[in-house]
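Enquirer: Take a look and give me a structure for this.
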Amino acid sequence: MKRLGIEDCFEGVLCFETLNPPSPTPAPANKVEIFDIMKHLAHPEPGVELPRSPILCKPNIDAMLHALKLADINPQTTIFFDDSVRNIQAGKQIGMHTVLVKISTQVTLWEFYCRSRG
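Expert: Predicted coordinates for the structure are as follows:
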């Protein structure tokens, strides 16, 4: 947004990384169980499910909704900038306006607007 000269156009700017910081205290060693994903994929056992990840990340819809809830933000009044098509698709699914940012290419603000509306 700084490159485009539009950072003053917004009430605030939030970053997913600042809303989902790493846990300050690691889990106790006796409670940590390492799941062998390669073994599971090579020889799946009936009834064995993958462990649930304690970390929420984009493009997980729950992660994005959780971040919006933490920041008390309405997705319909939010513009989501990202450089990943998968993350942009997730943002669209929850009702955010989206802008796909391609860092390697220099484009105008009008091109960003047109791409996000398409």
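
Enquirer: Which residue ranges of the chain form strands?
Expert: Secondary structure of the chain (DSSP state E): strands located at 79-82, 97-100.

Enquirer: Mind listing what's buried along the first one?
Expert: So the one you mean is strand 79-82. Going by neighbour count (16 or more other Cβ atoms under 10 Å), the buried part of strand 79-82 is 80-82. For glycine as for every other residue, the C-beta is placed from the backbone atoms N, C-alpha and C.

Enquirer: which helices and strands sit right next to it?
Expert: Helices and strands touching strand 79-82, as assessed by 3 or more Cβ pairs under 8 Å, 6 or more residues apart in numbering; DSSP states H and E, comprise helix 85-93, strand 97-100.

Enquirer: hmm, try it at 10 Å
Expert: helix 85-93, strand 97-100, helix 109-117 (3 or more Cβ pairs under 10 Å, 6 or more residues apart in numbering; DSSP states H and E).

Enquirer: try the last one
Expert: The contact analysis (3+ Cβ pairs under 10 Å, 6+ apart) places strand 97-100 against strand 79-82, helix 85-93, helix 109-117.

Enquirer: For stretch 88-108, C-alpha coordinates in CSV please.
Expert: What follows is stretch 88-108, C-alpha atoms only, in CSV (Å, rounded to 0.1, in the frame of the first residue of the first chain):
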residue,chain,number,x,y,z
ILE,A,88,-7.5,-14.3,-1.9
GLN,A,89,-10.1,-17.0,-2.7
ALA,A,90,-10.6,-17.6,1.0
GLY,A,91,-11.0,-13.9,1.6
LYS,A,92,-13.7,-13.7,-1.1
GLN,A,93,-15.5,-16.7,0.4
ILE,A,94,-15.9,-14.8,3.7
GLY,A,95,-17.1,-11.6,2.0
MET,A,96,-14.0,-9.5,2.0
HIS,A,97,-13.0,-7.2,-0.9
THR,A,98,-9.7,-8.5,-2.2
VAL,A,99,-6.6,-7.3,-4.0
LEU,A,100,-4.1,-9.8,-5.4
VAL,A,101,-0.6,-8.2,-5.0
LYS,A,102,2.1,-9.3,-7.4
ILE,A,103,5.4,-7.9,-5.9
SER,A,104,7.5,-8.8,-8.9
THR,A,105,5.4,-6.7,-11.3
GLN,A,106,4.9,-3.0,-11.1
VAL,A,107,1.2,-2.1,-11.8
THR,A,108,-1.0,0.9,-11.3
